[in-house]
Structures are given as structure tokens and as C-alpha cells.
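Novice: Fold the following, please.
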Amino acid sequence: MEEVIRIDNLSYAYPDGRRALTDINLTVYRGESVAITGPNGAGKSTLLLHLNGILRSEGQVKVFSEPVTDKNLKEVRRRVGLVFQDPDDQLFSATVFDDVAFGPMNLDYSEAEVRQAVTSALEKVGMTGFEHRSSHHLSLGERKRIAIATILSMSPEVMVLDEPTSNLDPQGKWRLIELLRKLPVTRLIATHDLELVAALCQRVVVLDAGRIVCDDAAERILNNKTLLEAHGLSRPAGLKATSESGIPFRG
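Specialist: Model (predicted):
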């Protein structure tokens, strides 16, 4: 299997000296859908920010076998798309078109290529026809879809998502899960939402106090009540449907 992300001995401390990550070792392979879960303050978001060079620290992060450096940062960010928890951190232009076009324009696409990239990305997230709307006048669910489109417009091979279903109502949550399920990319998802994990992920990494405490098949972790409760998580009640990976989840 092809390694798409490899993290070796990664540690990170905040400017005040507080340790956020300690000795993280993790490999993600092409085609995997991996959940990073754990309690608040576990270091999940901090870990994600290392995957396309926003943060750099002790240890090494490799993307497609190449260390993340200033020299290859643009290519790393094209291949590894990061979607923030709050879409307002990602959307800053006057129109949806401009937001989704920003990445391709910075990759020196031609005008025709930019338009095609925007059209394709909006179609994939079900937002065709919103090109001339303001992102900030849309609902939270719509803004999350546009934020995903800003990454899809650059044809990433890996999508890294930070709490993608946070603050969505149940209908919006399941619509987003179905959208993500259809995208043919490697996925790395930081989330507390174990229903999302059951629906999308074959593998789960449990992070607590900045350390990986477990890395195993999703089915085993989601059915380990003692492990989940020890790290501030709880298995959703009433699970009755079955996901693509054979793990029960609420449909």
C-alpha cells in the first residue's frame, strides 16, 4: 500500500511551553478513511495543522514520501487539502466563485481551467448555481460545503477535515456524511462524532493528552466501551444500520 502521510516522532509545544503533541508516529495509506478522535484538548487540531505545513516542529512529516519544506509547500497544500472546523476561517471572498477559485488561481491555472475547476467542485458538493452568492449569507451547512469545494477545486489526493459535522442539525450532518462518502480521496477526519466515524472510517486513532493511545480497526474501537469512556468518548446508543465497512451506525 502506498504511504500518503508518514509522521515520525512528532512533538509540539505551544509558545507558553505547554506540550500539545508528544512522540506521534502515524502512517496513512492511499484510500484509507482514518478518524482521529479523543477528548477536547487532546491535540487533534494541532496534529492536523502539521499535515500541510501550517505548523512545523520537532519530528518529521512526509507527504507522498517527501518531507514538508518551504520549497514544496505549495504542492503539499494542493495534494493535502485541509478543511477547518469553522468554514468562516476558510471563506473570505466576496462571492462563492471567488472563494472556490482562490486555490486554482494561486496554482496558476488558466482562466478556463479555473472556471472548470470551480464548476466541478461545486457540482461535487451539490452547490451548483451558488457561484454569485456571498458565502457569508449562506447557512452553516452550505458554508461547510463551500469550504470543502475550495479544497476540491485543487484536486487533492488527501482531505483532512477538522470536526466536519460540528454544530450541524441531524439532517445537515447526514447530508454532509453522504457527500464525504462519495469523494474518491484518502480521508483523515478529526471528530468527536462517533456516528460519523462508524459511517465513514475503517480505522480509528485515539489521541489523548497529545499522545496516541490506540490505533486500531474502527469496529474494535467503537465496540470497546471501556476504552471510549476512559478517553472522554461514548458509543452512540441505538445503532442499527450498517456502514460500508460493516460497522453499525445510526441511519
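
Novice: those strands in this structure, which residues are they?
Specialist: For the chain, strands defined by DSSP state E occupy the ranges 3-13, 19-29, 33-37, 58-63, 66-67, 80-83, 158-162, 186-190, 203-208, 211-217, 241-242, 248-249.

Novice: Of those strands, which shows the lowest average pLDDT?
Specialist: The stretch with the lowest mean pLDDT among the strands of the chain is strand 241-242, at a mean of 38.

Novice: centre of the chain versus stretch 203-213, how much separation?
Specialist: Averaging C-alpha coordinates over stretch 203-213 and over its chain gives two centres that are 16 Å apart (CA atoms, centre = their mean, to the nearest Å).

Novice: Which of the residues in it are classified as buried?
Specialist: Of the residues in stretch 203-213, those with enough neighbours to count as buried (16 or more other CB atoms under 10 Å) are 203, 204, 205, 206, 207, 208, 210, 211, 212. The C-beta positions use only the backbone N, C-alpha and C, and glycine is treated the same way.

Novice: residue contacts, the fifth one?
Specialist: Counting by CB atoms under 8 Å, 6 or more residues apart in numbering, residue 207 touches 36, 37, 38, 42, 43, 44, 47, 213.

Novice: For it, give its distance to residue 189.
Specialist: For residue 207, the distance to residue 189 (CB to CB, to the nearest Å) stands at 13 Å.

Novice: next one: the first one
Specialist: With the distance defined as CB to CB, residue 203 ends up 11 Å from residue 189.

Novice: can you list residues touching both of the two?
Specialist: 33, 34, 35.

Novice: The second one contacts residue 47, doesn't it?
Specialist: No: assessed by CB atoms under 8 Å, residue 34 is found out of contact with residue 47, at 11.5 Å.

Novice: returning to that earlier point: output the contacts of residue 207 as CSV; include the columns distance to residue 179.
Specialist: Below are those laid out as CSV (distance: CB to CB, whole Å):
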residue, distance to residue 179
36, 20
37, 20
38, 25
42, 26
43, 27
44, 21
47, 24
213, 30
